[in-house]
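*Asks:* Provided below for reference: sequence and predicted model.
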Amino acid sequence: MQYIVMDLEWNTAYAKRYNSFFNEVIEIGAAKLDGSFRLVDTISILVKPQISKKLRGRTKDLTHITNEDVSGGKVFEQAISEFSDWVGDGDNIFLTWGDGDIRVLSKNNEYFTGSSQLVFMKNYADAQKYIQSFIESKDRQQVGLAAACEQLGINPEDFSHHRALDDSLMTVECIKKVFDENKLKKYVHHCDADFNKRLAFKPFYIRDINNPAVKLRGTKCYCDVCGSQAVQNKKWRLVNQSFRSEFFCPKCKRNFRFSVRYKQYFDYVDIKKTYTEIKPKENKPVKKENIKDKKTAVSD
Ligand SMILES: [Zn+2]
């Protein structure tokens, strides 16, 4: 069994084929480790973009990769074949910081080779989820790689940021600090057909009030201050990603806005409820100022 810790850099390009923006891989970096998590080998491959030949300013700023660098790179088909050879046929566990890189690699593979399946990846674990189980984070927020390094006593400045191999090695150092084969097992997924389906699934906000997951009609809303049942006084309407309505709490004698946001994931719907205070006469101070200004103008 070996571990492959991987990181990618990509450039956002407009893909005519999909009629949408697409994250085109421009660099693959990875470290190979043995069963005891000792470094065996590393790889770094620059990928020559084919969808958009010019890198966006943001990509260049973030990665310090130049158009010249990537123009000397290998096209994706070659790069992924070289990478696959380097990974080898044996059993492995891939680790990436968050599952974004795996999704992007799978999408690129689909775009350029016709298959979204990464056959060289046998098992996968999200390093971010694993490491997060060892460190403290506010409000269960996702921790960034540099922040995780600092919490684990690694100096992120020792690595050049946002280059694929360095980010991989930074992830390796983080995992090393908390490496425990048995604990890690809980985070490992076998890369079967179901895993690939999950990977291909793109979470989205439910905006259709008739979607069965949306159960707003007849929904009871309780005041976030006193817990009493509030009375709805406006119809539900869609505002950005949320359904919004206004309620009145008879006990507190206050109006408040209640928003419900539904996000569809592969096998569950995430529901987020938000209460917002409606401040009465909130534009009065502005009016007062206007009057003052006028008065000053008159007296002048
Ligand atoms: Zn109340």
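*Replies:* Perfect, I can see it now. Computed from a predicted model, the values in this text were never measured in an experiment.
*Asks:* mind showing which ranges of the protein have poor pLDDT?
*Replies:* For the chain, the stretches flagged by pLDDT under 70 are 138-141, 280-300.
*Asks:* Could I get the full set of strands for it?
*Replies:* Secondary structure of the chain, counting by DSSP state E: strands at 2-15, 20-33, 39-46, 92-96, 123-126, 188-190, 204-205, 231-232, 237-239, 242-249, 254-264, 269-277.
*Asks:* what does this protein put close to the ion?
*Replies:* 223, 225-226, 228, 249, 251-252 (CB under 5 Å from the ion). Every residue, glycine included, has its C-beta placed from N, CA and C.
*Asks:* The residues you listed into CSV, with extra columns for neighbour count?
*Replies:* Output for the residues of the chain next to the ion, formatted as CSV (neighbours: other CB atoms under 10 Å):
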residue, neighbour count
Cys223, 19
Val225, 14
Cys226, 12
Ser228, 12
Cys249, 20
Lys251, 12
Cys252, 14
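*Asks:* Identify, out of the strands of the chain, the most deeply packed stretch.
*Replies:* Of the strands of the chain, the one with the most neighbours on average (mean count of other CB atoms under 10 Å) is strand 92-96, at a mean of 25.
*Asks:* who does that strand touch, helix- and strand-wise?
*Replies:* Packed against strand 92-96 by the contact rule (3 or more CB pairs under 8 Å, 6 or more residues apart in numbering; DSSP states H and E) you find strand 2-15, strand 123-126, helix 127-132, helix 164-177.
*Asks:* quick one, domains of the chain?
*Replies:* 2-201, 205-277 (automatic domain parsing).
*Asks:* Beta-bridge partners for the spatially closest residue to Lys235 that is not a sequence neighbour, please?
*Replies:* Excluding its sequence neighbours, the residue lying closest to Lys235 (CB to CB, 6 or more residues apart in numbering) is Ser245, at 6.8 Å. Beta-bridge partners for Ser245, by DSSP bridges, are Phe258.
*Asks:* Verify the stated contact: Ser245 with Val239.
*Replies:* No. Ser245 is not in contact with Val239 according to CB atoms under 8 Å; the separation is 10.0 Å.
*Asks:* check contacts around Lys197.
*Replies:* Phe266 (CB atoms under 8 Å, 6 or more residues apart in numbering).
*Asks:* Quick check: it vs the ion, distance?
*Replies:* Distance, Lys197 to the ion, using CB to the ion, to the nearest Å: 45 Å.
*Asks:* So what touches stretch 34-46?
*Replies:* Contacts of stretch 34-46 (CB under 8 Å, 6+ apart): 1-3, 26-33, 65, 69-70, 72-74, 79, 82-83, 86, 164-165, 168-169, 172, 175-176, 179, 181.
*Asks:* got the CA positions of that stretch in PDB?
*Replies:* Once non-C-alpha atoms are left out, stretch 34-46 reads as follows in PDB (Å, rounded to 0.1, in the frame of the first residue of the first chain):
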ATOM      1  CA  ASP A  34       5.200   4.200   1.800                       C
ATOM      2  CA  GLY A  35       2.800   2.400   4.200                       C
ATOM      3  CA  SER A  36       4.500   4.100   7.200                       C
ATOM      4  CA  PHE A  37       4.100   7.400   5.500                       C
ATOM      5  CA  ARG A  38       7.800   7.900   4.600                       C
ATOM      6  CA  LEU A  39       8.500   9.900   1.500                       C
ATOM      7  CA  VAL A  40       9.500   7.700  -1.500                       C
ATOM      8  CA  ASP A  41       9.300  10.000  -4.500                       C
ATOM      9  CA  THR A  42       7.800  13.200  -5.900                       C
ATOM     10  CA  ILE A  43       6.600  14.400  -9.300                       C
ATOM     11  CA  SER A  44       5.800  17.800 -10.800                       C
ATOM     12  CA  ILE A  45       4.300  18.100 -14.200                       C
ATOM     13  CA  LEU A  46       3.400  21.400 -16.000                       C
END
